[in-house]
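1. I'll drop the sequence and a predicted model, then ask my questions.
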Amino acid sequence: MDYKQIVADAVSSVVDGKVSTNDIYAKIEKPKTSANGDLSFPAFILSKELHKSPQVIAQEIVDNINGESFEKVVAAGPYVNFFLDKGKVSHQVIETVLTEEEHFGDNHQGEDRVVTIDMSSPNIAKPMSMGHLRSTVIGNSIAKILTKNGYKPIKDNHLGDWGTQFGKLITAYLKWGSEEDVKRDPIHYLVQYYIRFHKEDEIHPEYDEEAREWFKKLEDGDPEAVHLWKWFREVSLEAFNRTYKKLGVEFDTYNGESFYNEKLQDVVDTLKKDGLLEKSQGASVVDLSDENLNPALILKTDGASLYVTRDIATAIYRDETYHPVMNLYVVGSEQTYYFKQLKAVLKKMGLDSAAGLHHIPFGLITVNGKKLSTRHGNIVLLNEVLDESVKMAKQQIVEKNPDLKDKDRVAEEVGVGAIVFGDLKNSRIDSIDFNLQEQLKFEGETGPYVQYAHARAQSILRKAKSDYINSDNYALTNEDAWEVIKLIQAFPEIVKRANAEFEPSVVAKYSLKLAKAFNKYYAHTKILVEDDELNARLALVKSVSIILKESLRLLGVKAPNEM
């Protein structure tokens, strides 16, 4: 079903192999309007080899091409425009989708190779805010897209459960904390202690020194420090998992920074052995000047480790445990320079997967134009936003379809799906300002719009009496149906492109186009009329339903059958 290849082969046969079929294939375009055909070939790329004007070459191709697969082939200046055989193509596309169902678009590009994905990674003892949404849902969608392309993703929630912030939190708890309060509402009170610490240390800078001492005690295994740290970690994980359950996100491992604490000395020893570790103003660094980067700080002057020390240990562990072909880090774009340093250090160490380290950056999420910050108390809790979205979705569902069964489940799928889709429809590198009311609309570029198109398709199929599956003719030729067919046929390429770019928005934007094209088809066509094309129309509706559901699944969004 690669119609570009059919065009490339046809053109190649006319020019008698003077230009390779692959080169021709690479130049084939999709015209901006259907009036110019379904595929187009720019003949001017052949001028040099054939010593003729592009216009002459285009006309010669039209005069000599084998047109069996096309309704017509026309020359338009230097372009050759190909109009595919609508009946033949629609039958092939629909038949393939009905046969393969949700596996349509699957490929084996990944060859079962492992890809680790470092994603979500909230900090212990802090609530999951809207700021954690992007890494979580982008990473989750990339994992699904990788699987569709034949890879084996390992989703690693690399928890922020180590570092100087725990020295601050322990200091704050011992000064102002209450065990009773923490047991009653752990995350709320722990974050309040953390916020208070940052306000108080502006007046009492000596608190910072106390915090550094407590973190050093934690690293050295002090019983009181370890006890408090374990307690903070346990109550935090319970809260995180409630949020992940709502989002439908699961992980393969929760190995946080603390997991690698005992492996840090091996990192330091290896860097020393390889002659990579140098002293600089009392600290230990790896010189990266040959990569035009600042030195990577491995140990502070007091011997305490840093993020990069633990990330090196993590990369080594993942290499030895999973043997990944790629290591993906779904982390905000503000960390781009840091990951250049990390990759440079790993390359110097000769780590097998260093070349496959990819930082997957994303833009900020703001709420009402304001950046989120736990330290300064500007927090919008993700759990609360999800609950509010579900509540608002249910209100809309009750208004639109009061007789709908299982309203709570559908509201959950629509409310959560609206937030996930609202994030993923944007190119991940773009910053976004969150607006719940906009994301919950049933019209426009929203998750509920795509979900509703799927539910509409399912409704049509429930009303149908015809057995559309067992047909030997799915040929459709009207223009609205043809636009839908072309989009369905493009789905396998969309899957590959989203994978190559690590970009879920490719799938989200595609699903919006397909939903819009289907709604136009539905508005202009009486689908359930009993005539010779009834089975073909119903088969098209079924195909749309399959592809919309699979597109939403790749984004981590549910597709209700009724709304």
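-> Everything's here; your move.
2. strands of the stretch 101-250 of the chain, residue ranges please.
-> For the stretch 101-250 of the chain, applying DSSP state E, counting those that start in this stretch gives strands covering 114-118, 152-156.
3. can I get those in CSV with mean pLDDT?
-> Below are the strands of the stretch 101-250 of the chain laid out as CSV (pLDDT from 0 to 100):
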stretch, mean pLDDT
strand 114-118, 98
strand 152-156, 98
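4. and those, which is most packed in?
-> When these are scored by mean count of other CB atoms under 10 Å, the highest mean neighbour count falls to strand 114-118 (a mean of 25). Any C-beta I mention is one placed from the backbone N, CA and C, and that applies to glycine too.
5. re the thing from before, export the strands of the stretch 101-250 of the chain to TSV and tack on distance to residue 298?
-> Shown next, in TSV, are those (distance: least, CB to CB, whole Å):
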stretch	distance to residue 298
strand 114-118	19
strand 152-156	22
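6. any idea which of the ones you listed gets closest to residue 413?
-> Residue 413 lies closest, by CB to CB, to one member of those: strand 152-156, at 21.5 Å.
7. tell me which helix or strand residue 385 sits in.
-> helix 382-400 (DSSP states H and E).
8. what's in contact with that helix?
-> Residues outside helix 382-400 that contact it (CB atoms under 8 Å, 6 or more residues apart in numbering): 127-130, 132-133, 239, 242-243, 246-247, 404, 407-408, 410-412, 414-416, 418-419, 434, 436-437, 439-440, 442, 448, 563.
9. determine the longest helix present in this protein.
-> The residue-count maximum for a helix in the chain (DSSP state H) belongs to helix 223-247.
10. return the set of buried residues in it.
-> Across helix 223-247, burial judged by 16 or more other CB atoms under 10 Å covers 225, 228-229, 231-233, 235-237, 239-240, 243-244, 246-247.
11. can you pull the contacts of the residue nearest to residue 47 when sequence neighbours are not counted?
-> Spatially, and ignoring its direct neighbours in sequence, residue 47 is nearest to residue 54 (5.5 Å; CB to CB, 6 or more residues apart in numbering). Residues near residue 54 by CB under 8 Å, 6+ apart: 42, 43, 44, 46, 47, 77, 78.
12. may I ask which of those has the most neighbours?
-> residue 43 (27 neighbours; other CB atoms under 10 Å).
13. surely it touches residue 49?
-> No: here residue 43 lies out of contact with residue 49, judged by CB atoms under 8 Å, at a distance of 11.1 Å.
14. tell me the first helix or strand C-terminal of the longest helix of the chain.
-> helix 264-273.
15. in terms of secondary structure, what does that following helix contact?
-> Counting contacts by 3 or more CB pairs under 8 Å, 6 or more residues apart in numbering; DSSP states H and E, helix 264-273 packs against strand 296-299, helix 307-322.
16. from residue 453, how far out is residue 498?
-> In this view, residue 498 and residue 453 are 20 Å apart by CB to CB, to the nearest Å.
17. wait, residue 546
-> According to CB to CB, residue 546 stands 13 Å off from residue 453.
18. could I get the helices and strands packed on helix 264-273 as a markdown table with mean pLDDT, distance to residue 255 and mean neighbour count?
-> Output for the helices and strands packed on helix 264-273, formatted as a markdown table (pLDDT from 0 to 100; distance: least, CB to CB, whole Å; neighbours: other CB atoms under 10 Å):
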| stretch | mean pLDDT | distance to residue 255 | mean neighbour count |
| --- | --- | --- | --- |
| strand 296-299 | 96 | 20 | 21 |
| helix 307-322 | 95 | 8 | 20 |
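19. pLDDT of the host helix or strand of residue 82, averaged?
-> Residue 82 is part of strand 79-84 when elements are defined by DSSP H and E. What strand 79-84 shows for mean pLDDT is 96.
20. now do the helix or strand following it: which elements does it pack against?
-> Next along the chain after strand 79-84, taking DSSP H and E as the criterion, comes helix 86-100. Judged by 3+ CB pairs under 8 Å, 6+ apart, helix 86-100 is in contact with helix 479-489, helix 534-555.
21. ok, and for helix 86-100, which residues are buried?
-> Buried residues in helix 86-100 (16+ other CB under 10 Å): 86, 87, 89, 90, 91, 92, 93, 94, 95, 96, 97, 98.
22. domain assignment for this protein?
-> Domains of the chain are assigned by automatic domain parsing as 3-84, 163-248, 382-555.
23. with distance to residue 341 added, can I get those in CSV?
-> Formatted as CSV, those follow (distance: least, CB to CB, whole Å):
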stretch, distance to residue 341
domain 3-84, 36
domain 163-248, 18
domain 382-555, 20
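24. so which of the ones you listed is the most surrounded?
-> domain 382-555 (a mean of 19).
25. gap between that one and the chain center?
-> 18 Å (CA atoms, centre = their mean, to the nearest Å).
26. quick one: low-confidence residue ranges for the stretch 101-250 of the chain.
-> For the stretch 101-250 of the chain, no stretch is flagged by pLDDT under 70.
27. tell me where it has helices.
-> Using DSSP state H, counting those that start in this stretch, the helices of the stretch 101-250 of the chain run over 133-148, 164-176, 179-184, 186-200, 206-219, 223-247.
28. so which residues make contact with the last one?
-> With contact meaning CB under 8 Å, 6+ apart, helix 223-247 is reached by 120, 122, 124-128, 136-137, 140, 159, 161, 166, 169-170, 173, 182, 186-187, 190, 214, 217-218, 250-251, 254, 256, 258, 382-383, 386, 412, 416, 420, 556.
29. so how far is that helix from its chain's centroid?
-> On the basis of CA atoms, centre = their mean, helix 223-247 is displaced by 26 Å from the centre of the chain it belongs to.
30. begin at 835 from here
-> Done: numbering now begins at 835, and the last item shifts to helix 1057-1081.
31. and the angle for that helix with helix 967-982?
-> Put simply, helix 1057-1081 runs at 60 degrees to helix 967-982, going by axes from the mean of the first three to the mean of the last three CA atoms, to 10 degrees.
32. what angle separates helix 1057-1081 from helix 998-1010?
-> Going by the same axes, to 10 degrees, helix 1057-1081 makes 110 degrees with helix 998-1010.
33. next: the fourth one.
-> Interaxial angle of helix 1020-1034 relative to helix 998-1010 (the same axes, to 10 degrees): 90 degrees.
34. point out where the stretch 1185-1334 of the chain drops to low pLDDT.
-> Using pLDDT under 70, the stretch 1185-1334 of the chain drops low at 1206-1212, 1302-1304.
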